[in-house]
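Colleague: I'd like to go over a predicted model; first the sequence, then the structure.
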Amino acid sequence: MIIQEKMKVVRQTEIAEHIFELTLAGKLVGEISSPGQFVHVRVSETQEPLLRRPISIASIDKTLSQMTIIYRAEGRGTKLLSSKLAEETVNVLGPLGNGFPVKETSEGETAVLIGGGIGVPPLYELSKQLKAKGVKCIHVLGFQTDAVCFYEEEFNRLGDTYVVTVDGSRGTQGFVTDVMAGLETDFATYYSCGPMPMLKAVQNAYSDKKGFLSFEQRMGCGIGACFACVCHTTNNTEHDYVKVCSDGPVFPAGVVSI
Amino acid sequence: MIIQEKMKVVRQTEIAEHIFELTLAGKLVGEISSPGQFVHVRVSETQEPLLRRPISIASIDKTLSQMTIIYRAEGRGTKLLSSKLAEETVNVLGPLGNGFPVKETSEGETAVLIGGGIGVPPLYELSKQLKAKGVKCIHVLGFQTDAVCFYEEEFNRLGDTYVVTVDGSRGTQGFVTDVMAGLETDFATYYSCGPMPMLKAVQNAYSDKKGFLSFEQRMGCGIGACFACVCHTTNNTEHDYVKVCSDGPVFPAGVVSI
Amino acid sequence: MSRLSVKLPGLELKNPIMPASGCFGFGKEYANFYDLSKLGAIMIKATTLETRFGNPTPRVAETASGMLNAIGLQNPGLQSVMENELPWLETFDVPIIANVAGTETADYVEVAKTISTAPNVQALELNISCPNVKCGGITFGTDPVQARDLTAAVKKVSNVPVYVKLSPNVTDIKEIAKAVEEGGADGLTMINTLIGMRLDHKTGRPIIANGTGGLSGPAVKPVAIRMVYEVSQTVGIPIIGMGGIADTDDVIDFLSAGASAVAVGTANFVDPFVCPNIIEELPAKLDDLGIGQLSELIGRSHRL
Amino acid sequence: MSRLSVKLPGLELKNPIMPASGCFGFGKEYANFYDLSKLGAIMIKATTLETRFGNPTPRVAETASGMLNAIGLQNPGLQSVMENELPWLETFDVPIIANVAGTETADYVEVAKTISTAPNVQALELNISCPNVKCGGITFGTDPVQARDLTAAVKKVSNVPVYVKLSPNVTDIKEIAKAVEEGGADGLTMINTLIGMRLDHKTGRPIIANGTGGLSGPAVKPVAIRMVYEVSQTVGIPIIGMGGIADTDDVIDFLSAGASAVAVGTANFVDPFVCPNIIEELPAKLDDLGIGQLSELIGRSHRL
Ligand SMILES: Cc1cc2nc3c(=O)[nH]c(=O)nc-3n(C[C@H](O)[C@H](O)[C@H](O)COP(=O)(O)OP(=O)(O)OC[C@H]3O[C@@H](n4cnc5c(N)ncnc54)[C@H](O)[C@@H]3O)c2cc1C
Ligand SMILES: Cc1cc2nc3c(=O)[nH]c(=O)nc-3n(C[C@H](O)[C@H](O)[C@H](O)COP(=O)(O)OP(=O)(O)OC[C@H]3O[C@@H](n4cnc5c(N)ncnc54)[C@H](O)[C@@H]3O)c2cc1C
Ligand SMILES: Cc1cc2nc3c(=O)[nH]c(=O)nc-3n(C[C@H](O)[C@H](O)[C@H](O)COP(=O)(O)O)c2cc1C
Ligand SMILES: Cc1cc2nc3c(=O)[nH]c(=O)nc-3n(C[C@H](O)[C@H](O)[C@H](O)COP(=O)(O)O)c2cc1C
Ligand code: FES
Ligand code: FES
């Protein structure tokens, strides 16, 4: 069930340049059903900034009723969010959307998880759940530059992790596809989240594989009512569409026209 | 000199129902030249609420570089201000306007200070300065009801203090003028701050005395540039006016048309 | 009769609060949050004759205390609304106001004719003010003659009272209001969105793929209040007011300005519970104001 | 030539930033905060033939991310402006744009004729868009023929180039813009305020004594940007853009939309240092954008 809750800030840390890790506590956590779901966050109680910000859930701890989100404080709203201190509350609507299907990879199989920039966070909870189930995870994480890399160690603990930076300041130089080219190919599934060009490149590179992609769109309501976040599907009828917020954000590869 | 400064919150306390006492520290305090000056306070760094709020300076401590303001958290802006905690900062523009002239009462003389509701705060610093100079102060403080009374004890320490409440729940029942009628009449000066009807009644009651009244108007700039806060003067030329923010807020009795 | 109830042409509202068209879909999503029967009415998403995909994305952009949208009237089309959306809404005890859109008079007439026969549609809202479609929409809303004629054409075929939704993007909204009253409108709804634009600071290009979008939210409330105030003193038909409503005080303001009921749009995105919360708070607010029946507030700003 | 400089009819601006008329008085108050010579120009408070007291108070009211004002053109009158205000401003190295207002053509003409002879007045801003005065003002700004004729009449007598300030309260601002261009305007300034109203929640009465007021501040920026975008592609004369500018990004947006320079109004009340702060930040912002000369930004949104 989707709920709206003033969640309590447990802690907030800047884990890389302008990248914040925010842990929130509340009963909303009990409602999260799959990795890759997101929350819609009100960054201020004032009417400016007005709209909620969609942020993926990066990890959950159901026993503590805590979840962590990781975001880049870039625009007005996320900058305000980054000033929240422990004990303050944040108005959160969620969990929203449909996440990555963990069940699509079986115990003993291998999954490749490919993330780009602020698309990396939801893959962390996904990897934890896949690993817990006995799936071998390989992570390919692309960033702009060393200063904005995060969670390399955390992912390392869960499986082989390749970091790629555009400027070569950490890991391999280039794009995620450059590393993907050298990976073993006998994996069962891939999961990916990141900017559109990356998703496109990944989908093309693995056109013969079962894959799941998480999309972004500017949102109004976040729950399927306003038609802000639609994408055309590959179904070539002009009127066929999906909503990223409520049908997605994760779709099987090939569904969304990219 | 008027400065704009992010002042640090030293402490904030609710001293009566919805009445907050906020102590701020900063070098702006060094610029304050008379009791009854005010500051223009930004209640949030967001663009809503947009405008600054004018609030009188209630007391100053130049050695600590601290000042206290007392305000009623009633509308959107003042409610937000009341949520500021120690160590946070508040963007303040000030000191603004011309306050009460302490020099208009000489050592050994008596002054009557009449305040109504949130017009009471600036009289506190005024009384402190008058007393320090050797002036005997009599205070008449009007409030709606007991729950919103504040600073009775503080004023008591500085001189005789009469509290009046509309509903009689504390002190005399009625309006400040009811108490004023019974006061000794051989005082030199009166100083008053409060709602317009009160100022009018006070000015009428003491028409033969030297007095100073502090006015309120809705403000834009607070510094004299926007012409929001004008009042007609008693000079009967249609175009004669004063600006409450920069010519006032304190005027000698009889200047402003009320 | 409850103190919150309002009687308008075709509508017996339990309370004056309804979600605005386009901000509530066809109700399904909000039904997960609360019982839709609590609402005074529901203004459903604009319905056109044919299925519409609408404009390319991005379709929304935030602005100071507001937002721009250029959805472009995406909707499943008349047939699907009649077969799927409206019957589902019948499970709730709530009147539906069907927002009718089109490109030319014939479309409007056809949609109005059919949709006004649905058992739960108790009024139409004629959308002559959508700024986000190339033809139709707002062109009807900025020319008094076209506005009057379209209203008359739709009135002729509609089974239920017709409210006309006015655009604020005009020099004199009173003129358009009088024209649609002349055309036979039973009521007005106002305001639709103001035309606006936001650019990307980096590229300098419009953020909304369509270029311009419609501005809504608290930012536009002063314009909406002014227009409701003016129009309510100019026409004899009732107004459903909207534009920036986010809380109970805003509702009081619109009623005071001269609206008989109100719609809440953008605020649903900020707080999905905004409508039921306002409905719950209203009685205490009336008590504070010393008002018995909500209707006493209507047009209070005009008096004295 | 510095990378921030802008050349416009009658004006050689060191930078594109100037305070907007009515939000900066005649400069005296802000001179306590910084050296006025830093500014690109100053648009002084509207000047009328006679002294004016303006409207009764309250004259301002806050709204979401904006404010309403109904000052009503209070000013000391032409003679006093010529004798006291303008000479004092001569002590600064900054061009003055004189905002000219009136009730009928003859007033405008007389004020324009005289004020345009002041040595530091390098352009006029013809205020045909003030929503806060009963006659004159906005009526000239909503009718293309009147707007054109007034512009022509003022042009005939003015010693300096004439910019016309447009009202956003119109169905088609392009039409008015074309009309004043035809009338001989050398440039446009836009936008003036949107007409709005705020009610007191308790009493239901308008807070502004005048009833309605002019809406300004960040709330209106999307409307202003849209209008600058449209008009700049319709006329051949330059635009000084304004409406909601509060920071350097906002300036970039207005230039991208098609303005050649900008004015900052309401934001001066929020932060008296807003103009010099923006001027200081601009070069770094251009660097971020990889732009050499500020002028390269102008109208960037139209390209591609
Ligand atoms: C399903 C989903 C999951 C996301 N998960 C994450 C995450 O885990 N970490 C993270 O850092 N970011 C994530 N994003 C992107 C994030 O929503 C935007 O970076 C953020 O909204 C920008 O807000 P701002 O206040 O920084 O920028 P502003 O420029 O102030 O934003 C203005 C408006 O535009 C919207 N907007 C701007 N950029 C984007 C964008 N890229 N996507 C959607 N809306 C945008 C904002 O939501 C807001 O409404 C996600 C987006 C989606 C759709
Ligand atoms: C010179 C001066 C000194 C003042 N000193 C004090 C003081 O010491 N303590 C105190 O509690 N109050 C004082 N006030 C009144 C105080 O400014 C208002 O109560 C406050 O601005 C209301 O803001 P809000 O956010 O509560 O209300 P909102 O309704 O959110 O205010 C909306 C807008 O209206 C303005 N406004 C509303 N009421 C008033 C008012 N009565 N006077 C001026 N502007 C108003 C606000 O400043 C704001 O711009 C003073 C006013 C002036 C002019
Ligand atoms: C995302 C969105 C979609 C809208 N779609 C429609 C629509 O289909 N038909 C219509 O008449 N108005 C539509 N509107 C306008 C609203 O119904 C309403 O008139 C406007 O948003 C002002 O109210 P608000 O400020 O409360 O949002 C839409 C508004 C938004 C924000
Ligand atoms: C208090 C106030 C007074 C104004 N007075 C004038 C004026 O005298 N002449 C004029 O042309 N515009 C006047 N304006 C309009 C501004 O110059 C400007 O066009 C408008 O406020 C939009 O810009 P902003 O959002 O930056 O304030 C005034 C605006 C305000 C807020
Ligand atoms: S954001 Fe509203 S439908 Fe997806
Ligand atoms: S508030 Fe601007 S002149 Fe007084």
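Modeller: Cool, the structure landed. Residues are numbered from 1 along each chain as shown, chains lettered A, B, ... in the order given. Ligands and ions are numbered 1, 2, ... in the order given.

Colleague: which stretches of the stretch 51-200 of chain A form helices?
Modeller: Along the stretch 51-200 of chain A, counting by DSSP state H, counting those that start in this stretch, helices occupy A:76-81, A:121-133, A:152-156, A:176-180, A:196-205.

Colleague: now, of those, which is deepest in the fold?
Modeller: Greatest average neighbour count among the helices of the stretch 51-200 of chain A goes to helix A:121-133 (a mean of 23), per mean count of other CB atoms under 10 Å in any protein chain shown. C-beta here means a position set from N, CA and C on the backbone, and glycine is covered the same way.

Colleague: name the helices or strands packed onto that one?
Modeller: Judged by 3 or more CB pairs under 8 Å, 6 or more residues apart in numbering or on different chains; DSSP states H and E, helix A:121-133 is in contact with strand A:59-61, strand A:66-72, strand A:110-116, strand A:136-143, helix A:152-156, strand A:189-193.

Colleague: neighbours around the residue of the stretch 51-200 of chain C found nearest ligand 6, how many?
Modeller: Closest contact between the stretch 51-200 of chain C and ligand 6, by CB to the nearest ligand atom, is at C:Ala64 (21.9 Å). Neighbours of C:Ala64 under the rule other CB atoms under 10 Å in any protein chain shown: 29.

Colleague: what does the one 3 residues further on give?
Modeller: For C:Met67, the neighbour count with other CB under 10 Å is 29.

Colleague: Around chain C, which positions in the stretch 51-200 of chain A sit nearby?
Modeller: By CB under 8 Å from any CB of the partner chain, the residues of the stretch 51-200 of chain A that approach chain C are A:Leu51, A:Arg52, A:Gly77, A:Leu93.

Colleague: Report the spatially closest residue to the first one, excluding sequence-adjacent ones.
Modeller: Excluding the flanking residues, the one nearest A:Leu51 by CB to CB, 6 or more residues apart in numbering or on different chains is C:Glu62, at 4.8 Å.

Colleague: in the sheet, who's paired with that neighbour?
Modeller: Note on C:Glu62: beta-bridge partners C:Met67, judged by DSSP bridges.

Colleague: In this structure it contacts A:Pro49, no?
Modeller: Yes: when contacts are counted by CB atoms under 8 Å, C:Glu62 is listed as touching A:Pro49 (6.2 Å).

Colleague: Low-confidence stretches in chain C?
Modeller: Along chain C, the parts satisfying pLDDT under 70 run over C:1, C:133-138, C:304.

Colleague: quick one: contacts for the closest residue to ligand 1 within it?
Modeller: Closest approach between chain C and ligand 1, counting by CB to the nearest ligand atom: C:Glu62, at 3.9 Å. Residues near C:Glu62 by CB atoms under 8 Å, 6 or more residues apart in numbering or on different chains: A:Pro49, A:Leu50, A:Leu51, A:Gly77, C:Leu68, C:Arg198.

Colleague: can you tell me how far A:Met67 sits from chain D?
Modeller: 31 Å (CB to the nearest CB, to the nearest Å).

Colleague: Please apply the same query to A:Ser192.
Modeller: Using CB to the nearest CB, A:Ser192 is found at 30 Å from chain D.

Colleague: Likewise for C:Thr114?
Modeller: Distance from C:Thr114 to chain D, counting by CB to the nearest CB: 32 Å.

Colleague: Tell me the spatial nearest neighbour of that residue, not counting adjacent residues.
Modeller: Once flanking residues are discounted, C:Thr114 sits nearest to C:Leu78: 5.9 Å by CB to CB, 6+ apart.

Colleague: Surely that neighbour is in contact with C:Ile44?
Modeller: No: contact criterion CB under 8 Å: C:Leu78 and C:Ile44 do not qualify, at 12.0 Å.

Colleague: So for those two, which sits in the more crowded spot?
Modeller: The residue with more neighbours, out of C:Leu78 and C:Ile44, is C:Ile44; 25 against 22, by other CB under 10 Å.

Colleague: check contacts around the more buried one.
Modeller: C:21, C:24-27, C:81, C:85-86, C:89, C:96-99.

Colleague: export those to CSV and tack on neighbour count and distance to C:Ile239?
Modeller: Shown next, in CSV, are those (neighbours: other CB atoms under 10 Å in any protein chain shown; distance: CB to CB, whole Å):
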residue, neighbour count, distance to C:Ile239
C:Ser21, 27, 15
C:Phe24, 27, 20
C:Gly25, 22, 24
C:Phe26, 22, 24
C:Gly27, 20, 23
C:Val81, 26, 26
C:Glu85, 21, 26
C:Leu86, 20, 25
C:Leu89, 22, 24
C:Ile96, 27, 19
C:Ile97, 28, 13
C:Ala98, 31, 18
C:Asn99, 26, 16
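
Colleague: These in helices, which ones?
Modeller: Residues of these located in helices (DSSP state H): C:Leu86, C:Leu89.

Colleague: Closest one of the contacts of C:Ile44 to A:Ala188?
Modeller: Top of the list for closeness to A:Ala188, among the contacts of C:Ile44 and by CB to CB, is C:Gly25 at 37.3 Å.

Colleague: Please name the nearest non-neighbouring residue to the closest residue to chain B within the stretch 51-200 of chain A.
Modeller: Nearest to chain B, among the residues of the stretch 51-200 of chain A, is A:Leu80, at 7.3 Å (CB to the nearest CB). Distance criterion CB to CB, 6+ apart; nearest residue to A:Leu80, sequence neighbours excluded, is A:Val43 at 4.5 Å.

Colleague: quick one, phi/psi of that neighbour?
Modeller: A:Val43 adopts backbone torsions of phi -90, psi -10, taken as degrees, to the nearest 10.

Colleague: ok, how many other residues are close to it?
Modeller: Number of residues near A:Val43 (other CB under 10 Å) recorded here: 23.

Colleague: for C:Glu175, same thing?
Modeller: The tally of other residues near C:Glu175 (other CB under 10 Å) stands at 13.

Colleague: so how far is the longest strand seen in chain A from its chain's centroid?
Modeller: Looking across chain A with DSSP state E, the single longest strand is strand A:3-16. With CA atoms, centre = their mean, to the nearest Å as the basis, strand A:3-16 stands 16 Å off its chain's centre.

Colleague: So which elements touch the top helix by length along chain C?
Modeller: Longest helix of chain C, by residue count under DSSP H: helix C:274-289. Judged by 3+ CB pairs under 8 Å, 6+ apart, helix C:274-289 is in contact with strand C:17-19, helix C:248-257, strand C:261-264, helix C:267-270.

Colleague: Can I get those in CSV including mean neighbour count and distance to D:Pro168?
Modeller: Shown next, in CSV, are these (neighbours: other CB atoms under 10 Å in any protein chain shown; distance: least, CB to CB, whole Å):
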stretch, mean neighbour count, distance to D:Pro168
strand C:17-19, 26, 29
helix C:248-257, 26, 21
strand C:261-264, 27, 24
helix C:267-270, 24, 24
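
Colleague: excluding its backbone neighbours, what's nearest the residue nearest the centre of chain A?
Modeller: By CA atoms, centre = their mean, the mean C-alpha position of chain A lies nearest to A:Pro122, the distance being 3.2 Å. For A:Pro122, ignoring the flanking residues on the chain, the nearest one in space by CB to CB, 6+ apart is A:Ser56 at 4.0 Å.

Colleague: follow-up on the earlier one: in CSV: the helices and strands packed on helix C:274-289, plus distance to D:Val154.
Modeller: Formatted as CSV, the helices and strands packed on helix C:274-289 follow (distance: least, CB to CB, whole Å):
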stretch, distance to D:Val154
strand C:17-19, 50
helix C:248-257, 37
strand C:261-264, 44
helix C:267-270, 45
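
Colleague: Show residues contacting the helix or strand harbouring C:Ile176.
Modeller: Here C:Ile176 sits within helix C:173-182, counting by DSSP states H and E. With CB under 8 Å, 6+ apart as the test, helix C:173-182 has contacts from C:128, C:141-142, C:144-145, C:147-148, C:151, C:164, C:166-167, C:170, C:188, C:190, C:227, C:230-231, C:234-237.

Colleague: Name the residues of chain A found near ligand 1, please.
Modeller: A:38, A:49, A:51, A:53-56, A:70-72, A:74-78, A:118, A:121, A:216-219, A:249 (CB under 6 Å from any ligand atom).

Colleague: Got a PyMOL select line for the buried ones in the residues you listed?
Modeller: To isolate the buried ones among those in PyMOL, judged by 16 or more other CB atoms under 10 Å in any protein chain shown, type:
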select buried, chain A and resi 38+49+51+53+54+55+56+70+71+72+76+77+78+118+121+216+217+218+219+249
